[in-house]
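**Q** take a look and give me a structure for this.
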Amino acid sequence: MDVVVVESPAKAKTINKYLGDGYKVVASYGHVRDLVPKNGAVDPESDFAMTWEVEDRAERAVSAIAGELKKAKRLFLATDPDREGEAISWHLAEILKERKKLEGIEVSRVVFHEITKSAVLDAIANPREINRELVDAYLARRALDYLVGFTLSPVLWRKLPGAKSAGRVQSVALRLICEREAEIEAFKPEEYWSVATEFTTSEGGRFTAELTHLAGEKLGKMGLKDQASADRAVEAIKAGQFKVAEVERKTVRRFPPAPFTTSTLQQESSRKLGLGASRTMRLAQQLYEGVSLGGDTVGLITYMRTDSVNLSQEALTGARSVIQREFGDRYLPKEPRSFKNQAKNAQEAHEAIRPTDLGRLPADVAAYLEDDQRRLYELIWKRAVACQMEAAQLDQTGVDIADGSGKTVLRATGSIMLFDGFLKLYQEGKDDDADEDGNRRLPQLSSGQPLTQGEIKPEQHFTQPPPRFSEASLVKRLEELGIGRPSTYASILQVLQDRDYVRLERKRFMPEDRGRVVTAFLSNFFEKYVEYGFTADLEGKLDEVAEGDLDWKEVLREFWRDFSGAVGGTKEIGIKEVIETLDQDLGQHFFPQTEGGTDPRVCPSCTTGRLGLKLGKFGAFIGCSNYPECKYTRRLVVEGGQDGDAAAEGGERELGKDPSSGKAVTLKRGPYGQYVQLGEAEGKEKPKRVSLPRGLSAADVTLERGLALLALPRELGSHPETGEMITAGIGRFGPYLKVGARFKSLPKDEDVLTVGINRAVDLLASAAASTAVEVGKHPADGKPITLKKGRFGPYVQHGSVRATLKRGTEMSAVTLDMAVALIAEKGGKAPAPKKGAAKKAAKPAADKPAAEKPAKPAAKKKIAKKKPAAE
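**A** So this is what the prediction gives:
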């Protein structure tokens, strides 16, 4: 028997089916250990020695793997094919080695980029060793994130009360959002005008041309600055007789975009499907791990964390076959198309994201997929096929129209689609609206042809500020700058929202005032460490570590030497200096100039004091300089502005009518937040109400979504092991999953309306993995003895007595007799057995899970409440 370890239980069953009876496939449930969450887990004084601990939820999984190894000859570590997967394999091997579970067992690393039988069998046939360079890159990244989080966050807490934490990459992403907002605030719109004229040919063809030259001078975008200039231009056009001066025609080819990488998938999913980065990656994970198609679980796409735009020969052959069959020979180029990644620091280690079988059309699998899964699969399939289709051809025409003097010139542009090529299947989305005038069709025109002048249309415009970042445009910008890794973007964006540093409003990121204060502090006192170039260069060094060209500890030494000095230098910075610096940096934001020209900093209470930023016990606020005589304060918001989206979300709004009952569906606000209600109270019968789940903005609630919430709880499907129905709903404490009598709260980034059966099974399994286990009944009083994993290691508990397991003892090896002995040793003399009490047979703890109410924890040393989370 050989043991194979994968990360997810959802794919363990499928892979076991592929491999057959000679293998046992078990799941690690993701990462199995992490740095101890306290200061000192990475010790720069000991050459960056790292202290690890097995996470509570992972102990049972590790014990299960260790148990299976008792009868195994080989161990295949088949975690995901990226740096994180390599790290999990390394951690598992280290833990099992420390516990002496690998003696006489051959350990190999295998990777597959798709969960298909051929890919899995090929991986098992070609094992390798754990890639030490990838592990070193992981260790360096993890240490850097930890050192920044656990060193910089306490500085924030001391100097900026109310701040939460800082992170190596998240702080730079936050800076991008804050700087864009500052650009928007500082932007001054400028007026300009355009003049368009309608012309008609002798054959009756009509088209519109824009003024480009006036009095022999070329007009730029801002050439006509006011109405007076536009009026002069109109008069000049009215006075002229116009004819076609020049016709320019050219045929252009538009080539298809490359197949998806992690980053471009997140961007396009946001643009086309309206899905956030986190949601996109969860759906992609489900499609990768496999979906049941007529009884067989099949992985539908290749691994979704990749920077590569390459396709395998098998995929190229499959794509060309589909194109020829579905679209015809004209759409098939003579040779397969190849691409080069333009992103900074791109890694070409894997294949692009594509369907595992391009011949599996979206229509073939639609019946087996949930709606969002179907939409994402269709997007991936279309992009992968379209990238191998023939280019589109357009006939573009530019026409210059001039008066007799040649000094007044107008220009018309248009295009004709000669051959749609890949555009027949797929057109890439855009972050912001673009000018589509080039798609207008022009009548047949020739040089010297006279034209009849029609209506002249002057139009006023104002320059626009740069747009706020959407998830798609922010991900694109981070990738362009080489900041972070595409696989981490989803979690970075989520962390910024969870810490209330930014919010998504109408699918655009807006910085909260707390986020702006943190960014201003870091930019002024830790400027180097939030610079885009510095962060990108550090990412480049981590890539060099992964390639074996740079020692990972040398990277840490170089970073820590300067960073620790910068942190030490802040000890000399007083709160007064911090306040003055922030006040100067953010003054324009919090005290914008008023239309009447009055000083926005004059205290409205005493009228003699000056308003400015202050720091208090619970964070920053705005106060008067005449304190304590004047006690005027206000929250850290712009005077006269809207606090968040409270104005948009306040009050009551009818969403529409329920088509089945005809009752009104209404969005309301109550004492505990906002909710959707169906109809109104009728006598003693109360209307159905459902609270909005966390993260769902009232502005985004439509009738369709309101009805979906009111339809909760919804059935997801039967549990594959117990056959019990799994349901998802919203209860008193928020969204949840339920199977039998067992509940599991949904994590913040899961959507109760779209979570699927595979993800639900994973979440329920991880919850069960961390549940207390009953060893048996104590022979003295018949009360249960439970086995648990605590902060300081596994222990057994009987009543209020806890006894830690002896070093080296596996949780799976604990028997009732052993537990009774440990309890007796800890609590003194064991109580005498009750008369007639039956002796219980010793039984391994792992056999019987028990849902026990957690006991009140024993007294401990006080631990700092705040724990910085390194990304």
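
**Q** skipping adjacent residues, who's closest to residue 376 in space?
**A** residue 283 (4.8 Å; Cβ to Cβ, 6 or more residues apart in numbering). Yep, even glycine has a C-beta here, placed from its N, CA and C like the rest.

**Q** show me what the helix or strand containing that neighbour is packed against.
**A** Using DSSP states H and E, residue 283 falls within helix 277-289. Packed against helix 277-289 by the contact rule (3 or more Cβ pairs under 8 Å, 6 or more residues apart in numbering; DSSP states H and E) you find helix 9-19, helix 262-268, helix 371-386, helix 486-498, helix 757-769.

**Q** against which helices or strands is the second one packed?
**A** The criterion is 3+ Cβ pairs under 8 Å, 6+ apart, and the helices and strands that helix 262-268 contacts are helix 277-289, helix 371-386, helix 471-481, helix 486-498.

**Q** what's the helix or strand following the longest one in contact with?
**A** The first helix or strand that comes after helix 371-386 along the chain, using DSSP H and E, is strand 392-402. Among residues not part of strand 392-402, those counted as contacts by Cβ atoms under 8 Å, 6 or more residues apart in numbering are 199, 209, 212, 242-254, 408-423, 438, 442, 445, 451.

**Q** list the buried residues for strand 392-402?
**A** 392, 394, 397-402 (16 or more other Cβ atoms under 10 Å).

**Q** please report how far residue 334 lies from residue 367.
**A** 37 Å (Cβ to Cβ, to the nearest Å).

**Q** so between those two, which is more surrounded?
**A** residue 367 (9 against 5; other Cβ atoms under 10 Å).

**Q** name the SS class of the more buried one, please.
**A** helix (DSSP: H, G, I helix; E, B strand; the rest coil).

**Q** let me see the contact set for it.
**A** So residue 367 contacts nothing (Cβ under 8 Å, 6+ apart).

**Q** which other helices and strands contact the helix or strand where residue 704 lies?
**A** Remark: residue 704 resides in helix 703-710, with elements defined by DSSP H and E. Packing contacts for helix 703-710, counted by 3+ Cβ pairs under 8 Å, 6+ apart, involve strand 653-657, strand 664-670, strand 673-678, strand 688-691.

**Q** the longest helix in the chain is where?
**A** Across the chain, the longest stretch assigned as helix under DSSP state H is helix 132-159.

**Q** list the buried residues for that helix?
**A** For helix 132-159, by 16+ other Cβ under 10 Å, it's 133-156, 159.

**Q** again with stretch 725-739
**A** Result for stretch 725-739 [16+ other Cβ under 10 Å]: buried residues 726-730, 735-739.

**Q** can you tell me what sits against that stretch?
**A** With Cβ under 8 Å, 6+ apart, stretch 725-739 has contacts from 690-691, 693-694, 709, 712-719, 722, 724, 743-746, 750, 752, 755, 757, 760-761, 763-764.

**Q** mind listing what residue 53 touches?
**A** 33-36.

**Q** drop anything exposed from those residues.
**A** 33, 35.

**Q** the residue nearest to residue 376: how many residues sit nearby?
**A** 26.

**Q** how about residue 804?
**A** 14.

**Q** how about the nearest residue to it, chain neighbours excluded?
**A** residue 795 (4.6 Å).

**Q** just the element for the one you found, please.
**A** Here residue 795 is assigned to strand 793-798, by DSSP H and E.

**Q** after that strand, which helix or strand is next?
**A** Assigned by DSSP H and E, the successor of strand 793-798 is strand 801-804.

**Q** please name every helix or strand in contact with the helix or strand following that next one.
**A** Using DSSP H and E, the helix or strand that follows strand 801-804 towards the C-terminus is helix 816-827. Contact here means 3+ Cβ pairs under 8 Å, 6+ apart; on that basis helix 816-827 packs against strand 773-777, strand 784-790, strand 793-798, strand 801-804.

**Q** wait, what's in contact with residue 216?
**A** Applying Cβ under 8 Å, 6+ apart, the residues contacting residue 216 are 406-407.

**Q** ok, it to residue 408 distance?
**A** In terms of Cβ to Cβ, residue 216 sits 9 Å off from residue 408.

**Q** so how far is residue 607 from the residue lying closest to residue 622 once chain neighbours are set aside?
**A** Nearest residue to residue 622 in three dimensions, chain neighbours excluded: residue 634, at 5.0 Å (Cβ to Cβ, 6+ apart). Plainly put, residue 634 is 15 Å away from residue 607 if you go by Cβ to Cβ.

**Q** okay, now residue 189: neighbour count?
**A** Residue 189: 10 neighbours (other Cβ under 10 Å).

**Q** try residue 260
**A** 26.

**Q** now do the helices in the stretch 301-450 of the chain.
**A** For the stretch 301-450 of the chain, the helices defined by DSSP state H, counting those that start in this stretch cover 313-327, 362-365, 371-386.

**Q** make that the stretch 151-300 of the chain, sorry
**A** 170-186, 227-238, 262-268, 277-289.

**Q** most tightly surrounded among the ones you listed?
**A** helix 262-268 (a mean of 26; mean count of other Cβ atoms under 10 Å).

**Q** before we move on, back to that, show me which of the contacts of strand 392-402 are buried.
**A** Here the buried ones among the contacts of strand 392-402, as counted with 16+ other Cβ under 10 Å, turn out to be 199, 209, 212, 242, 244-245, 247, 408-415, 420-423, 442, 445, 451.

**Q** can you list the weak-confidence ranges in the stretch 601-750 of the chain?
**A** 617-619, 635-652, 670-672, 699 (pLDDT under 70).

**Q** residue nearest the centroid of this structure?
**A** Relative to the mean C-alpha position of the chain, the nearest C-alpha, by Cα atoms, centre = their mean, is the one of residue 490, at 1.7 Å.

**Q** quick check: it touching residue 280?
**A** Yes: Residue 490 sits in contact with residue 280 when judged by Cβ atoms under 8 Å, with a separation of 7.4 Å.

**Q** joint contacts of the two?
**A** Counting by Cβ under 8 Å, 6+ apart, the residues touching both residue 490 and residue 280 are residue 266.

**Q** ok, and what's touching the helix holding residue 283?
**A** 8, 10-11, 14, 114-115, 262, 265-266, 269-270, 273, 275, 299-304, 353, 372-373, 376-377, 380, 471, 475, 489-491, 493-494, 749-751, 754, 756, 758-759.

**Q** change it to 7 Å
**A** For helix 277-289, contacts defined as Cβ atoms under 7 Å, 6 or more residues apart in numbering pick out 8, 10-11, 115, 265-266, 269, 299-301, 303-304, 372-373, 376-377, 471, 475, 489-490, 493-494, 749, 751, 756, 758-759.

**Q** can you show me the CA trace of it as PDB?
**A** This file holds the C-alpha atoms of helix 277-289, laid out as PDB (Å, rounded to 0.1, in the frame of the first residue of the first chain):
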ATOM      1  CA  ALA A 277     -11.100  38.000  -6.900                       C
ATOM      2  CA  SER A 278     -11.800  35.800  -3.900                       C
ATOM      3  CA  ARG A 279     -15.000  34.500  -5.400                       C
ATOM      4  CA  THR A 280     -13.300  33.800  -8.700                       C
ATOM      5  CA  MET A 281     -10.500  31.800  -7.100                       C
ATOM      6  CA  ARG A 282     -12.900  29.700  -5.100                       C
ATOM      7  CA  LEU A 283     -14.900  28.800  -8.100                       C
ATOM      8  CA  ALA A 284     -11.800  28.100 -10.100                       C
ATOM      9  CA  GLN A 285     -10.600  25.800  -7.200                       C
ATOM     10  CA  GLN A 286     -13.900  23.900  -7.400                       C
ATOM     11  CA  LEU A 287     -13.600  23.500 -11.200                       C
ATOM     12  CA  TYR A 288     -10.000  22.300 -10.800                       C
ATOM     13  CA  GLU A 289     -10.700  19.800  -8.000                       C
END
